[in-house]
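In: Please work out how this folds:
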Amino acid sequence: MNKVELVGRLTKEPEVKMTSNQTAYCNFTVAVDRKFKDKDGNRQADFIICVAWKQTATFIQKYFHKGNRIGLTGSIQTRTYEDNEGRTVFVTEVLVDDVEFVESANKTEPTTAPAPIPEPKEPVQEPSGELPFEI
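Out: Next up, the predicted model:
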C-alpha cells in the first residue's frame, strides 16, 4: 500500500503551470514538523516535495498561500531525469490526491461575539417525558 497523509505549511506561494498538452500542475513544498525537539529545544521540520494535477492544482493555487497549513493525502512516487551535465537525478515526491484546510482562512482577524439567538415565534413546550417511539 502506498498512501501518504501530511499536515504542514506551504513554504512558498503555489504556482500553477501547464504541460505542453495544457494540463495544469503545481509543484510545492510542505514543511512538516517532526514529532520531537532537538537537543536545543527546537522543533525540526522535513521539507516534502509535492505535485498536484488538474483541478487539485488550481484549487491549491486559489485557496492556499505561503505559510498556510495544509492537509493532504496522496502517494509517494519516484522518478529520474538527466540534468544539463548528463547526471542522473533521482526525485522522490508526493503525488497529491486530496487537500484540505487545516486552519481558518481568517485566523488573524479578531473574533466577534456570536449573533444573539432569536426568540422563537411560538412558545416552546416542555417535553412530556414520553418518547415519541417505542424502545
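In: Could you use CA atoms for every contact and neighbour count after this?
Out: Will do.
In: After the helix or strand containing Lys35, which helix or strand is next? Please name it.
Out: Element membership for Lys35, per DSSP states H and E: strand 24-37. Next in sequence after strand 24-37, counting helices and strands by DSSP H and E, comes strand 43-53.
In: Sheet partners, orientation included, of that following strand?
Out: strand 24-37 (antiparallel), strand 88-101 (parallel) (DSSP bridges).
In: now the first one: mean pLDDT?
Out: Here the mean pLDDT over strand 24-37 is 94, rounded to a whole number.
In: got the CA coordinates for the strand holding Lys35 in PDB?
Out: Extracted in PDB, the C-alpha atoms of strand 24-37 (Å, rounded to 0.1, in the frame of the first residue of the first chain):
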ATOM      1  CA  ALA A  24      -2.400  22.100 -15.100                       C
ATOM      2  CA  TYR A  25       0.100  21.100 -12.400                       C
ATOM      3  CA  CYS A  26       1.500  22.600  -9.300                       C
ATOM      4  CA  ASN A  27       4.800  21.700  -7.600                       C
ATOM      5  CA  PHE A  28       5.100  22.900  -4.000                       C
ATOM      6  CA  THR A  29       6.900  22.000  -0.800                       C
ATOM      7  CA  VAL A  30       5.300  21.400   2.600                       C
ATOM      8  CA  ALA A  31       7.300  21.900   5.800                       C
ATOM      9  CA  VAL A  32       6.200  19.100   8.200                       C
ATOM     10  CA  ASP A  33       7.300  19.400  11.800                       C
ATOM     11  CA  ARG A  34       8.900  16.400  13.300                       C
ATOM     12  CA  LYS A  35       7.400  14.900  16.500                       C
ATOM     13  CA  PHE A  36      10.300  15.600  18.700                       C
ATOM     14  CA  LYS A  37      12.500  18.600  19.500                       C
END
